[in-house]
Every structure is written in C-alpha cells, then in structure tokens.
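[1] Need the 3D shape of this:
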Amino acid sequence: MTLDPRTPVLIGTGQVVQRAEGLDDAVDAVAMMVQAIEKAASDAGLTSVPNPDSIRVVNLLSWKYGNPAQFIAEDLKLTPRELGYSAMGGNTPQTLVNAASRQILAGDLDLVILTGGETTRTRARYRKAGIEPQWRTSDTEPVLVSEDLTMNMPEELERKIGMPIQVYPMFETALRAQAGRTIDEHQKHISELWSRFSAVAAKNPYAWSPKEYTAEEIRTPTANNRMIGFPYTKFMNSNNDVDMSAALIMCSVEKAEALGVPRDRWIFPHSGSDAHEHAFISHRNHFYDTPAIELAGRRVLELAGLTINDIDIVDLYSCFPAAVQLGAKSLGLDINSQLTRTGGLPFAGGPWNNYVMHAIATVAAELRAGVGKTGLVWANGGYTTKHAFGVYSTEPPTTGFKYDYPQDQIDALPRRSLALPADAAGEVTVEAYSVMHDRDGNPERSIISCLLDDGRRAWGETADISTGRDMCTNEWVGTRVRLDASGNLLV
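    Numbering: from 1, shown residues only. Below is the predicted model:
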C-alpha cells in the first residue's frame, strides 16, 4: 500500500512522573515538559528533538507562565513558527491530536510537538513552606489552539454549583436510580469498577499511585478516604495532587521518512471527532445519559470503518465513576471490560487538563507492543460536557485520516428549561442529588436537582445535617419534596 505522504502519524511519546520529596530537587512544569519531549524524541528513535512547526501546550493550572511554549522552545533551542496554548478542558489533548492530524493532512504542518504538564504537588509544598517559586513568566501572547466553552450559567454560579466534585455525584445518583440498584448495591458496583482500575495502575510504570485497592477499601470511608461528595469517597475522585507531564510528536509520513523514524514506531490516527453536550448542566435532558458521547463516538468509529467490537484497546476518561459508566453506556461497552489502559485519574494521576495525553501515550505503546491493533481514546472536559475521540492503529487508514464535528445534530436534541426559584416553589420531584461533606465526615450541604411537573428543572439545597445523612442512607431520587421561593428544601 502506497501511503499519501501527507498522512499524519504519531512517531514518539514521552511520560514523566516527578516524586521529589523536597523543593530543592523539584523542577517546574516547563522542565518536566522538556523532559517528556526529549523522551518522545528518543522514543521515536531520534538522537535530538526535531525542530517543529509548532509547539502546543495544554492549558495548565499549577503556574501562570503566560506562554509556556516559549520557554520550552528556548530550553530545547527550537525555532517553531507557532507557540500554541490551549483552552481549558480534559478533552484538550485529543482535540489537539485531531487538529494536528487535519493540519498535517492539509499540508499546513509537517511536524508538531504536543505537550502538557502539572506540578500541583510541588506547588502545594511551596505554599505550605510560605515560599513563592521563582519560576518564569512571559508577556508574549501564545496562539490559542483550541476553542473555549462557557459551561456555567449565572443561575448555577449564584447557587455555587460549579465544581466537578458537586456535579458528578448527581450523575451518579441518577445512574443508580435508573439502574434500580439500592445505595449499598451501587456503592459495591462502582467500588468494584474502581478496584479494577487500580489494578491497572498497579502495573503502570507511569502511574502516580501504583497500588491495587480492594473494592471494600475504595467504598469504605476512613480517615484517609473520607467522603467528599456522596456517593464518592476520596478514592473515587480524580487525584490532581500530582507532578506529571507527557508529550507527543506528530508529523507527516514524508517527514517521518526524512527523519529516519523506524516504521515500527509509527502509530496512525485513523479518525477523530469533537462534540459537546448542552453546555449547561441545567439544560441536560437527563443526567443518566450522554447523547453527545453516543453520537460523536459512533461517528469516529464510522469514519474509521469500524464498530466498537473491532476496537482492541480502550481508554475512557475516568475522573469519577459516573464518567466511565456514561461513556461505556453511550459507546456500547461492557462495564466489566477493561476500560482503562493507565489506571484512571484517581490512581494513574489526574494532572488537570492533561490526563488524556498520558492515555494516548499508553495506548500507543501498547499498540506498538502488539497488545492490540486498534485503540479508542475518549477525552472529556467539564461535567461530561466536552468530548474528543480518537481511533489509533499500527496500520494506516485505507482512506486517509477523517474527522467530524457533529455539533449541529447534538444542539437539536431535547433540552430542559430552568425554572426560576420562585416558579419552582412548592412540590417537585427529586431527579438527582449530591451530599457534600466536611473534613470531619459530616454532611454540610446537599444539592438537589428537581423536576417540576411541567418538565422544567429547578435547583434545591439544604444544610440540614439529618437530611443529608438520610440522603446517604435512603434513596431520594423519585421522591416528592417541597421547595420554598428561594430554592431551599423544606424539611
């Protein structure tokens, strides 16, 4: 088979985990990204980092560099014509791969370096020591290389509903009720899922927490595993307190051949897709399904000429158990199959927006090693809001890389209206809820999504401790409750 010289190919991957005990031996995120890029070049069989057309960095939170790609280029003595920086979102690494693949195919890029990294753990140690890091900052504006999306409407922010640790538990309670499980049955269900993920992390050399946990250890609240937002203990939450970086080097087949990259290092992106659910959770039709995952996931497979049953290796975004269940359900995957190749964000590590770059690197390594011939990566940002998909293979696509962004079809799907608190006063039905706990393990605030009889959604809440405790013991989804004109639950 003669390959189109513009065919995009992933030639090198690199992952770095920093476990510095102090501050003297800890480097910043730029230095870690430089290390990951150097590892990616070595992984491609190259003796030095090739000069790229673009360096694109995933938006990071542990330090405001301004333009981190500038410092990476300086440190590696590279002269790219573009210094890129992404918008926020865990979907970003796959979105950047999709964009780079399209631009390589079109001839706009010959070689691009994608990278991201966080030093959240080291940054926290600096704060604890009362020291400000002397890390670099730049006034140079980077090129924005992905689109942002506003995901919180004012009415949600006014109610202080905006943190993933508040929202994903609501998806979880909705999934539990739809499945018809009791609270105990469902806690067992999701803890067993997470135990399987930890078993994968235990064998991953780049996992932050390479330890296998039993399901009972994961679901049982303890001093080291306190309840965060019921039904999630700490072990069920993404672990962002990490120092991790990753990098991918992508180029055209023509460039790979010119560089002398061995053919057995090449991984081909076959297809990609991007899409998002209705941007505000208040407008979601249901909390137990994700139509954008279903549609964009089906599309990426169709473009690759495959079905889900043809995929050998899968990595689903795994910030919380609800995300994995929603992804698996929408894609038609068995929840008991291996749905992570890294161990997931709680165990492999959740370096904010950059987890999926580690997933892509791991999938690529396993494809090269012959674990399978085809791989699917699902990336997610927000509250299962923003999605990016990629299909990868050791074999080239027969009809070239293909991409779709089926957002118009998703925007046309049913959505709910949000009722004003005054309009929702009276009797409503509980649709989903989360119970936020303090550090001593006591319920401190319960957030309730309610449905009016006309189908509109309303937000309710209560700080009543006994009500919060009852919500953790008895099923409240489907029950009738009363709200006052401010959205407070009347108990």
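[2] what lines up beside the longest strand that the chain contains in the sheet?
    If you go by DSSP state E, the chain has its longest strand at strand 426-437. Strand pairing for strand 426-437, determined by DSSP bridges: strand 227-230 (antiparallel), strand 443-451 (antiparallel), strand 480-483 (antiparallel).
[3] want to throw those strands into CSV with mean neighbour count and mean pLDDT?
    For glycine as for every other residue, the C-beta is placed from the backbone atoms N, C-alpha and C. CSV is the format used below for these (neighbours: other C-beta atoms under 10 Å; pLDDT from 0 to 100):
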stretch, mean neighbour count, mean pLDDT
strand 227-230, 23, 98
strand 443-451, 22, 98
strand 480-483, 16, 98
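[4] For Ala202, find the nearest of those strands.
    Evaluated with C-beta to C-beta, these place strand 227-230 nearest to Ala202, the distance being 22.9 Å.
[5] Return the alpha-carbon coordinates of the closest one using PDB.
    Taking Å, rounded to 0.1, in the frame of the first residue of the first chain, the C-alpha atoms of strand 227-230 are listed here in PDB:
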ATOM      1  CA  MET A 227     -16.500  11.100  52.000                       C
ATOM      2  CA  ILE A 228     -16.200  14.100  49.700                       C
ATOM      3  CA  GLY A 229     -19.500  14.400  47.800                       C
ATOM      4  CA  PHE A 230     -21.700  11.400  48.400                       C
END
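[6] Now tell me what touches that strand from outside.
    By C-beta atoms under 8 Å, 6 or more residues apart in numbering, the residues outside strand 227-230 that reach it are 165-166, 168-169, 221, 233-234, 236-237, 434-437, 441, 443, 468, 471-472.
[7] For those, I'd like a selection string for ChimeraX - just the buried members, please.
    Selection of buried members from the contacts of strand 227-230 for ChimeraX, criterion 16 or more other C-beta atoms under 10 Å:
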select :166,168,169,221,233,236,237,434,435,436,437,443,468,471,472
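[8] neighbours around Asn283, how many?
    No, residue 283 isn't Asn; it's His. 15 (other C-beta atoms under 10 Å).
[9] Would you confirm that it contacts Arg415?
    Yes - His283 lies in contact with Arg415 (C-beta atoms under 8 Å); the separation is 4.3 Å.
[10] Excluding chain neighbours, what is closest to Thr307?
    Of all residues not flanking Thr307 in the chain, Leu301 sits nearest, at 6.1 Å (C-beta to C-beta, 6 or more residues apart in numbering).
[11] hmm, who's touching the strand or helix carrying that neighbour?
    Secondary structure from DSSP states H and E places Leu301 in helix 291-304. Identification of contacts with helix 291-304 by C-beta under 8 Å, 6+ apart yields 270-277, 285, 307-308, 310-311, 326-327, 330-331, 374, 376, 378, 384, 387, 389-391, 397, 402-404, 406, 409-410, 413.
[12] Skip ahead from the longest helix belonging to the chain and say which helix or strand is next.
    Criterion DSSP state H: the longest helix present in the chain is helix 183-201. Downstream of helix 183-201, the first helix or strand assigned by DSSP H and E is helix 215-219.
[13] so what secondary structure elements neighbour that following helix?
    Secondary-structure packing of helix 215-219 (3 or more C-beta pairs under 8 Å, 6 or more residues apart in numbering; DSSP states H and E): helix 183-201.
[14] tell me the mean pLDDT over the helix it packs on?
    What helix 183-201 shows for mean pLDDT is 98.
[15] List buried residues within the contacts of helix 291-304.
    270-277, 311, 326-327, 330-331, 374, 376, 378, 384, 387, 389-391, 397, 402-404, 406, 410.
[16] Of the residues you listed, which belong to strands?
    Using DSSP E, the buried ones among the contacts of helix 291-304 in strands are 270-276, 374, 376, 378, 387, 389-391, 402-404.
[17] Quick check: closest non-adjacent residue to Ala463.
    Arg445 (5.5 Å).
[18] what residues are up against that neighbour?
    Per C-beta under 8 Å, 6+ apart, neighbours of Arg445: 435-436, 461-463, 468.
[19] now do Ala41
    Counting by C-beta under 8 Å, 6+ apart, Ala41 has contacts 12, 14, 47-50, 249.
[20] just these now: which is nearest Glu147?
    Ile249 (23.7 Å).
[21] Isn't the closest one up against Ser42?
    No - Ile249 is beyond contact range of Ser42, at 10.4 Å (criterion: C-beta under 8 Å).
[22] Please enumerate the shared neighbours of those two.
    Gly12.
[23] These two - which one has more neighbours?
    Legend: neighbour count by other C-beta under 10 Å for Ile249 and Ser42, higher for Ile249 (28 against 14).
[24] mind checking the SS state of that one?
    When classified by DSSP: H, G, I helix; E, B strand; the rest coil, Ile249 comes out as strand.
[25] Equivalent analysis for the one 5 residues further on, please.
    Following three-state DSSP, Glu254 is assigned to helix.
[26] so how many other residues sit close to it?
    Neighbours of Glu254 (other C-beta under 10 Å): 17.
[27] Name the nearest residue to it, ignoring sequence neighbours.
    Glu254 sits nearest to Pro5 (C-beta to C-beta, 6+ apart), 3.7 Å away.
[28] Just the buried subset of the contacts of Ala41, please.
    12, 14, 49-50, 249.
[29] Of the contacts of Arg445, which is the nearest to Gly89?
    The closest of these, once distances to Gly89 are taken by C-beta to C-beta, is Met436, at 23.5 Å.
[30] Wait, the closest one touches Gln166, no?
    Yes - taking contacts as C-beta under 8 Å, Met436 lies within contact range of Gln166: 6.4 Å.
[31] Spell out which residues are contacts of both of these two.
    229, 447.
[32] Show me the domain layout of this protein.
    What automatic domain parsing lists as the domains of the chain is 8-150+240-411, 421-483.
[33] Reformat those domains into a markdown table and put distance to Gln187 next to each item.
    A markdown table is the format used below for the domains of the chain (distance: least, C-beta to C-beta, whole Å):
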| stretch | distance to Gln187 |
| --- | --- |
| domain 8-150+240-411 | 10 |
| domain 421-483 | 10 |
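[34] so which of these is the most packed in?
    domain 8-150+240-411 (a mean of 21; mean count of other C-beta atoms under 10 Å).
[35] still on that earlier bit, can the strands paired with strand 426-437 go into a markdown table with extra columns for distance to Met32?
    Shown next, in a markdown table, are those (distance: least, C-beta to C-beta, whole Å):
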| stretch | distance to Met32 |
| --- | --- |
| strand 227-230 | 28 |
| strand 443-451 | 36 |
| strand 480-483 | 48 |
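[36] Looking at those strands, spot the one closest to Arg121.
    Short answer: strand 227-230, nearest of these by C-beta to C-beta, at 18.6 Å.
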